[in-house]
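Colleague: next comes the sequence, and after it the predicted model I'd like to discuss.
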Amino acid sequence: MNAQLAPDIFQGLSALPIWMPHANKTPNNGFGRLSKSVPEHWMTRAEAQQLVAQYQDNEILDNRLTGVGMVVVNSTVIDGQRLIIIDADGIVGAYTGVYEEKVLDPVGAADALPAFALMNQIPTYWEASPSGTGLHAYALVPDEWAAKYANAGHIAFPGCHHVEIYTGDAPQYATVTGVAVNGLPISKLDDAALTLLAGLLKQAEGAKASAVNFNFGNGTAFELESLSCFNPKHRQLLKGEIPKGQRSEVVHSLLGALIDAPARYAMEDIKASALANAALLDYFSKHPDAAKFASEEITRAYKESTRGRLEELGSGSRKTHMDNPKKPAGVEPLEAKHLITDQANAVRLQKAVGGSVIHAAGKWRVWDGTHWREDEPAAFRMACTLSSMIGAEATDWENKPYASDEEKTKNQEIAKALRKWGAKSEMLDRLNAAFNLLRRLVSVPADSLDRDPFALNVANGTVDLRTGELRTHNKDDLITRCISITYDPKARAPLFEKTLAEITGEVGIVRKPLAEFLQRWFGYNANGVTSEQKFAVHHGDGANGKSLLLDMISNALGPYAGTAAPNLLMVGGQNRHPAEVADLFGMRMVAAHESGEGCALNEDRIKHATGSDKLKARHMRQDFFEFSPTHTLNLLTNHKPQIRGQDTGIWRRVMLIPYGVTFGTAIEVDQGLAHHLRDDRLGEALKAEVTGILTWIVRGAVTWFQTGLRPPDVVLIASAEYRSEQDRVGQFLSEQGTNYTREWEPCDPMFKDYQNWCRESGYFPLGKTNFIAAVEKRPGIRKEKRWIDFYGTKKQYRCFSGLKTAVESENVTL
């Protein structure tokens with residue numbers, strides 16, 4: 001992301017989506033934790049501050065927002081400079097408190113002076129930390145310099161506890177207080193400051209984590225690796241495979257899973273087991289007081305776990321073995337307060353859907369046994385069961401065993417509160433609130449969907465297009481489409497293959513190079529890869545079978561095939577609605593039909609759509625999202641679209657597939673006006689072979705994976721002729737070049753002549769810069785500025801030399 005840094009300290013950064021609010025320095029949006037590693041959770045500064053204003057007095061203490069912060073990531077680049085953060089922690093006696101007096105107070109803190117010297121040696125914006133005992137610096141360094149270093153923590157430095165430097169190699173969240181202490185703006189660092197930082201970073205690289213001897217108390221350690229309550233990320237962490245800088249959220253998630261495990265392990269045993277694992281021990285050892293840090297992290301995970309909240313709710317005034325903080329004196333909140341919130345309703349829904357509902361790329365999706373089907377109404381219908389869920393909870397509390405009349409009364413009060421909340425939860429605003437919160441709880445990044453480009457989902461399983469093998473449906477594949485056809489690897493389509501041979505003009509030929517190529521091409525289309533970076537122009541004058549062929553392939557591929565918005569690929573309508581691009585998300589084969597005579601391709605859009613760069617789009621009235629292209633483009637046209645550029649960037653992508661055979665009536669065949677008899681019922685007959693056509697496509701995909709596209713000569717020759725036809729500059733010079741007889745011919749008048757020629761010929765002209773570049777590429781022609789007398793005025797012109805010789809030698813085309 002790029003931006004110009006405004007004079008105001010944070011103005012240039014405020015608009016970038018790198019901000020998140022926090023609850024006591026933990027990213028949070030008021031109803032749950034956010035992740036520094038999930039870009040969908042990031043927002044602008046204004047959006048983050050708006051959430052803070054809304055949730056700073058949150059009833060749920062763990063989600064009470066206290067400020068905002070930034071995600072330091074390697075894509076935050078300003079004028080070629082990457083944003084980094086330096087954090088000096090524990091400066092002795094440095095502050096009286098950021099949120100109280102908000103002033104620097106180094107008086108009497110002689111030991112801290114080296115830390116203040118660090119601030120002077122790195123001249124940029126410095127501010128007080130939230131704790132009031134540290135300093136944060138925000139600076140800009142050359143992107144290539146920052147790329148050499150990883151985030152570094154706990155670097156020894158005199159005058160403070162330690163220094164941390166976040167270079168953005170992995171996302172890192174840092175709080176922002178806005179309490180400036182030196183009056184400087186965020187600045188680019190000079191060589192001296194970079195040298196100082198490089199020394200500190202190298203010092204961090206050389207430091208080795210020392211083992212810490214923990215007092216495990218009475219806990220008994222057990223092996224974590226064999227437990228079934230962990231997900232793949234947890235197992236990576238336990239093996240030490242999660243990079244430093246990316247471990248904290250996974251550690252927190254792992255501890256929560258361990259605490260909520262059905263076995264209900266004792267806290268002392270959880271502590272002992274966590275600290276006995278080498279990878280977790282290394283994580284806890286990054287802090288000076290590792291034993292204390294480990295205890296705090298496990299305690300925090302317990303408080304945020306389902307088990308912890310339920311035990312707190314049902315315990316009354318009884319303290320748990322995790323030593324929960326005391327409640328403020330005089331405050332006796334309703335025991336069920338955590339069960340009668342919108343967040344609690346969202347969690348109820350999340351548990352009820354059981355992993356069968358997700359939200360991604362702006363759409364609600366429901367698992368139906370074969371794929372994640374787009375179905376917002378079904379997801380909302382689940383939300384409408386809230387009242388019955390809450391009623392069942394109330395009944396459980398009413399029937400809960402009790403040991404005393406006091407406990408019975410508390411259970412009845414909780415049940416009463418739940419029934420009242422259940423009635424409120426039938427109101428539309430409460431349903432919408434829970435539904436919107438659920439969206440965040442089940443959010444999945446767009447690029448996680450359909451992530452296996454070689455998987456083709458069919459009615460009876462998922463086909464691996466590299467081998468043609470079929471496997472069972474798996475919800476973890478996050479596949480969002482399913483062809484409603486049963487895949488049969490032995491199925492054949494004899495009528496389809498006969499029709500294809502007629503369309504390609506290869507009837508009676510043993511080897512059918514064009515038909516075989518089309519099988520590989522459509523097999524490649526069935527994949528979600530774009531490595532070939534090709535764009536097919538299916539061209540023919542009409543009644544030649546190309547539309548029938550594409551319709552049959554689209555019918556077999558079902559939801560994997562689609563149609564591009566009208567004129568999406570053509571010049572004109574530059575401000576296309578983002579929904580037209582969003583429609584391409586997850587598509588494999590995309591067809592665009594008929595370019596009118598004289599239309600020109602939008603070459604930049606073709607390059608972008610056939611490349612590997614991510615596309616940004618949104619559905620109607622939805623948020624923007626990014627996705628990697630999985631589609632291959634096909635243009636069906638009776639008229640070859642104009643391509644103005646002659647650069648390799650566009651022509652290496654274009655393949656012109658000729659359709660030269662004509663289908664007509666019996667009379668037209670007899671008169672030699674058509675090659676084959678047209679059968680108006682052929683389309684319906686071919687639909688009966690859709691299973692065999694699908695198998696034909698899969699075989700083409702397997703062959704493509706093994707051998708590549710290998711276009712036949714007929715396609716290569718047609719594409720080369722197409723390029724030659726589209727060399728309008730060469731044609732202009734061939735027709736008009738003899739008019740330019742001067743040794744040095746001015747460029748500007750020639751460009752005007754070229755524009756007029758294009759207008760009269762019905763062609764789209766190049767811009768002046770591209771026209772001059774195209775002429776200059778011709779052998780024997782060179783360009784330079786010359787003083788010449790032109791129409792009685794002598795001045796300096798950009799001129800061409802060698803035009804006459806080039807034209808006479810008929811060497812004006814490449």
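Modeller: Sure, I can see it. Residues are numbered from 1 along each chain as shown.
Colleague: look up the residues forming beta bridges with the residue nearest the centre of the chain.
Modeller: The centre of the chain sits closest to E626, judged by Cα atoms, centre = their mean, with a distance of 4.5 Å. Beta-bridge pairing for E626 (DSSP bridges): K616.
Colleague: give the contact list for it.
Modeller: Taking Cβ atoms under 8 Å, 6 or more residues apart in numbering, we find E626 in contact with 446-447, 614-616. For glycine as for every other residue, the C-beta is placed from the backbone atoms N, C-alpha and C.
Colleague: how is this protein carved up into domains?
Modeller: 11-18+73-206, 232-327, 342-444, 494-722, 727-808 (automatic domain parsing).
Colleague: which regions of the stretch 701-814 of the chain lie under the pLDDT threshold?
Modeller: Along the stretch 701-814 of the chain, the parts satisfying pLDDT under 70 run over 790-791, 805-814.
Colleague: what's the pLDDT at the residue nearest to the centre of the chain?
Modeller: E626 carries a pLDDT value of 80.
Colleague: also I86?
Modeller: Looking at I86, its pLDDT stands at 91.
Colleague: mind listing what's buried along stretch 71-81?
Modeller: Of all the residues in stretch 71-81, those buried under the rule 16 or more other Cβ atoms under 10 Å are 71-74, 76-78, 81.
Colleague: quick one: contacts of it?
Modeller: Contact with stretch 71-81 is made by 1-5, 12-13, 16, 18-20, 36, 42, 82-85, 140-143, 146-147, 166-169, 171-174, 188, as judged by Cβ under 8 Å, 6+ apart.
Colleague: cool, and stretch 664-676?
Modeller: 502, 505, 543, 661-663, 677-678.
Colleague: same question, stretch 225-242
Modeller: Around stretch 225-242, the neighbours that count as contacts under Cβ under 8 Å, 6+ apart are 224, 247, 250-251, 253-254, 257-258, 260-262, 277-280, 282.
Colleague: repeat that with 7 Å
Modeller: Residues outside stretch 225-242 that contact it (Cβ atoms under 7 Å, 6 or more residues apart in numbering) are 224, 247, 250-251, 253-254, 257-258, 261, 277-279.
Colleague: can you list which of those residues are found in strands?
Modeller: Judged by DSSP state E, these include no members of strands.
Colleague: of those residues, buried ones?
Modeller: Among these, the ones that count as buried by 16+ other Cβ under 10 Å are 224, 247, 250-251, 253-254, 257-258, 277, 279.
Colleague: got a list of what Q121 touches?
Modeller: Going by Cβ under 7 Å, 6+ apart, Q121 touches 193, 196.
Colleague: list phi and psi for it.
Modeller: The phi and psi values for Q121, taken as degrees, to the nearest 10, are phi -80, psi -20.
Colleague: pLDDT score assigned to it?
Modeller: pLDDT, Q121: 86.
Colleague: tell me the spacing between it and Q646.
Modeller: Q121 sits at a distance of 55 Å from Q646 (criterion: Cβ to Cβ, to the nearest Å).
Colleague: again with E223
Modeller: 66 Å.
Colleague: and those two? which has more neighbours close in?
Modeller: Just comparing E223 and Q646: by other Cβ atoms under 10 Å the higher neighbour count belongs to Q646, 21 against 10.
Colleague: phi first, then psi, for the more buried one.
Modeller: Main-chain torsions, Q646, degrees, to the nearest 10: phi -120, psi 20.
Colleague: hmm, back to that, lowest average confidence across the domains of the chain, which one?
Modeller: Ranked by mean pLDDT, those bottom out at domain 232-327, which scores a mean of 71.
Colleague: count of neighbours near the nearest residue to W757 once chain neighbours are set aside?
Modeller: Closest residue to W757 in three dimensions, ignoring its sequence neighbours and counting by Cβ to Cβ, 6 or more residues apart in numbering: F732, at 5.3 Å. The tally of other residues near F732 (other Cβ under 10 Å) stands at 23.
Colleague: just the element for L549, please.
Modeller: helix 546-557 (DSSP states H and E).
Colleague: next helix or strand past the host helix or strand of N457?
Modeller: Element membership of N457 [criterion: DSSP H and E] is strand 455-458. Moving toward the C-terminus from strand 455-458, the next helix or strand (DSSP H and E) is strand 461-464.
Colleague: quick check: Y524 touching S531?
Modeller: No. Here Y524 does not reach S531: they are 9.0 Å apart, not a contact under Cβ atoms under 7 Å.
Colleague: compare the domains of the chain and give me the one nearest P453.
Modeller: Comparison of the domains of the chain against P453 by Cβ to Cβ identifies domain 494-722 as nearest, at 3.3 Å.
Colleague: so what's the backbone phi/psi at D143?
Modeller: With angles defined as degrees, to the nearest 10, D143 sits at phi -60, psi -40.
Colleague: mind telling me what element the closest residue to T530 other than its chain neighbours is part of?
Modeller: Nearest non-adjacent residue to T530, counting by Cβ to Cβ, 6+ apart: P629, 5.4 Å away. Counting by DSSP H and E, no helix or strand carries P629.
Colleague: what about the helices in the stretch 451-600 of the chain?
Modeller: For the stretch 451-600 of the chain, the helices defined by DSSP state H, counting those that start in this stretch cover 494-504, 513-526, 546-557, 578-582.
Colleague: picking that back up, just send the contacts of stretch 225-242 back as CSV, with distance to V690 too.
Modeller: What follows is those, written out as CSV (distance: Cβ to Cβ, whole Å):
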residue, distance to V690
L224, 51
R247, 50
V250, 46
V251, 51
S253, 45
L254, 48
A257, 45
L258, 50
A261, 48
N277, 54
A278, 56
A279, 52
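Colleague: of these, which belong to helices?
Modeller: 250-251, 253-254, 257-258, 278-279 (DSSP state H).
Colleague: which one of these is nearest A579?
Modeller: Lowest distance from A579 to the ones in helices among the contacts of stretch 225-242 (Cβ to Cβ) belongs to S253, with 35.0 Å.
Colleague: tell me how many other residues crowd the residue lying closest to W744 once chain neighbours are set aside.
Modeller: Leaving aside its sequence neighbours, W744 sits nearest to C799 (Cβ to Cβ, 6+ apart; 4.1 Å). Other residues lying near C799 total 22 when counted by other Cβ under 10 Å.
Colleague: ok, the one 3 residues further on next?
Modeller: Applying other Cβ under 10 Å, we find 17 residues neighbouring G802.
Colleague: wait, it touches G780, no?
Modeller: Yes. Applying Cβ under 7 Å as the test, G802 and G780 come out as touching, 4.5 Å apart.
Colleague: buried residues in stretch 190-203, which are they?
Modeller: 193-194, 197, 200-201.
Colleague: does L140 count as helix, strand or coil?
Modeller: L140 carries the three-state label strand when classified by DSSP: H, G, I helix; E, B strand; the rest coil.
Colleague: what is the end-to-end distance of stretch 378-391?
Modeller: Length of stretch 378-391, first residue to last, Cα to Cα, to the nearest Å: 22 Å.
Colleague: now that stretch: how far from the chain's centre is it?
Modeller: Taking the mean of its C-alpha atoms, stretch 378-391 sits 31 Å from the chain's own mean (Cα atoms, centre = their mean, to the nearest Å).
Colleague: L673 belongs to a helix?
Modeller: No. Counting by three-state DSSP, L673 is not part of a helix but coil.
Colleague: how many residues are close by it?
Modeller: The tally of other residues near L673 (other Cβ under 10 Å) stands at 11.
Colleague: how near is it to I667?
Modeller: If you go by Cβ to Cβ, the gap between L673 and I667 works out to 8 Å.
Colleague: do the same with A392
Modeller: A392 is 76 Å from I667, by Cβ to Cβ.
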